[in-house]
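Undergrad: Generate coordinates for the sequence data below:
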Amino acid sequence: MLADLHVHSSASDGIYSSDTLVELARQKGLTVLGLTDHDTVEGIDSALEAGRKMGVEVVPGVELSTDWKNKEVHILGYYLDYRFEGLLVALKKFQTEREKRVQNIVDRLRFLGYELTSDDVFKVARGEAVGRPHIAQVLVTKGYFETIDQVFNLLLDRGRPAYVPRFKLAPQEAIKIVLGAGGVPVLAHPGLVGDDSLICRLKSAGLQGLEVFYPQHTPQETERYLRLARELNLVVTGGSDFHGFIDREHADLGATTVGSEEIAALRARARGNKD
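TA: This is a model prediction of the structure:
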């Protein structure tokens, strides 16, 4: 069994539709695919349908954006009830705040002399989880920059002229949302957070898993997080963070996987949450 538990579709900031992702997963020999779009569950229904047809188990998931000490922290939720009202209400709040942020950034960019509108950005986004990558894509398409990285480095990163702080949700709140939907909350790519003390804090808040296997983790980090997961009785997960393209932050689909042992542990924890 091969499972990639961290994948994004065009419902958020990925390139491919969720059913196309399932087809790509089948072609690569994956038997389990975790669909974890940013702050939306819009693509799950079509992914599940495609999975049934193609013999790929689709794990209903989400990746919630949170903030801790001015650091971006992402909480993954697996095997959740993606129709749970409390989850949908929270995701609607995320969507509304994302749209407000996009408008504020666009206003700043227009003040700086860049000709674009929020409608330009929403057309590129296609799904619910609109954000800075879509704004950057518009600026590249319009010929202002050659790459998305250039846009972030010069305009959109924290401290740059068009940066606008995003809606802040504490990771503890995201964990509560996932648990409320019967899902398994997992801390995504802890190596990117850079502060392992957070893991113990979130464990006491209900965290149940740790994304140990991740493309940007060094071998030393992977070993450390594997040890921490065992010490804290956290489920071990892993995935590629595939968005449809490969760059310094995103790997190819199936580049990082976990096996039957990890999937069995994740399923068991999910069953326990629903009992």
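
Undergrad: who touches stretch 155-175?
TA: 64-68, 73, 75, 77, 93-94, 97-98, 100-101, 104-105, 108-109, 112, 132, 135-136, 139, 152-154, 185, 187, 198, 202, 205-207 (Cβ atoms under 8 Å, 6 or more residues apart in numbering). For the C-beta atoms, the positions are set from N, CA and C on the backbone; glycine is no exception.

Undergrad: before we move on, which element is residue 262 in?
TA: helix 260-274 (DSSP states H and E).

Undergrad: same check, this time on residue 237
TA: strand 235-238.

Undergrad: can you give me the offset of that strand from its chain's centre?
TA: Taking Cα atoms, centre = their mean, to the nearest Å, one finds the center of strand 235-238 at 15 Å from the center of the full chain.

Undergrad: got the buried residues for that strand?
TA: Burial within strand 235-238, assessed by neighbour count using 16 or more other Cβ atoms under 10 Å, is assigned to 235, 236, 237, 238.

Undergrad: Then stretch 149-167?
TA: 151, 152, 155, 156, 162, 166.

Undergrad: In the chain, where's the longest helix?
TA: helix 85-111 (DSSP state H).

Undergrad: Was I right to think residue 199 contacts residue 232?
TA: Yes. With contacts counted by Cβ atoms under 8 Å, residue 199 reaches residue 232, the gap being 7.0 Å.

Undergrad: Quick check: phi and psi at residue 58.
TA: Main-chain dihedrals, residue 58, degrees, to the nearest 10: phi -100, psi 120.

Undergrad: gap between the nearest residue to it once chain neighbours are set aside and residue 240?
TA: In this structure, residue 58 finds its nearest non-sequential neighbour in residue 51, 3.8 Å apart by Cβ to Cβ, 6 or more residues apart in numbering. According to Cβ to Cβ, to the nearest Å, residue 51 and residue 240 sit 17 Å apart.

Undergrad: mind listing what the residue of the chain most remote from its centre touches?
TA: Within the chain, residue 113 marks the point farthest from the mean C-alpha position, 31.9 Å out by Cα atoms, centre = their mean. Neighbouring residues of residue 113 by Cβ under 8 Å, 6+ apart: there are none.

Undergrad: cool, and the one 3 residues further on?
TA: By Cβ under 8 Å, 6+ apart, the contact list for residue 116 reads 106, 109, 110, 135, 138, 139, 142.

Undergrad: Are any of those residues buried, and if so which?
TA: 106, 109, 135, 138, 139.

Undergrad: still on that earlier bit, okay, and the common contacts of residue 199 and residue 232?
TA: Contacts common to residue 199 and residue 232, judged by Cβ under 8 Å, 6+ apart, are residue 210.

Undergrad: More neighbours: those two, which one.
TA: More neighbours surround residue 199 than the other of residue 199 and residue 232, with 19 against 16 (other Cβ atoms under 10 Å).

Undergrad: backbone phi and psi for that one, please?
TA: Torsion angles, degrees, to the nearest 10, at residue 199: phi -60, psi -50.

Undergrad: can you check the one 10 residues further on too?
TA: Main-chain dihedrals, residue 209, degrees, to the nearest 10: phi -150, psi 170.

Undergrad: any idea of the mean pLDDT for stretch 36-43?
TA: For stretch 36-43, mean pLDDT is 93.
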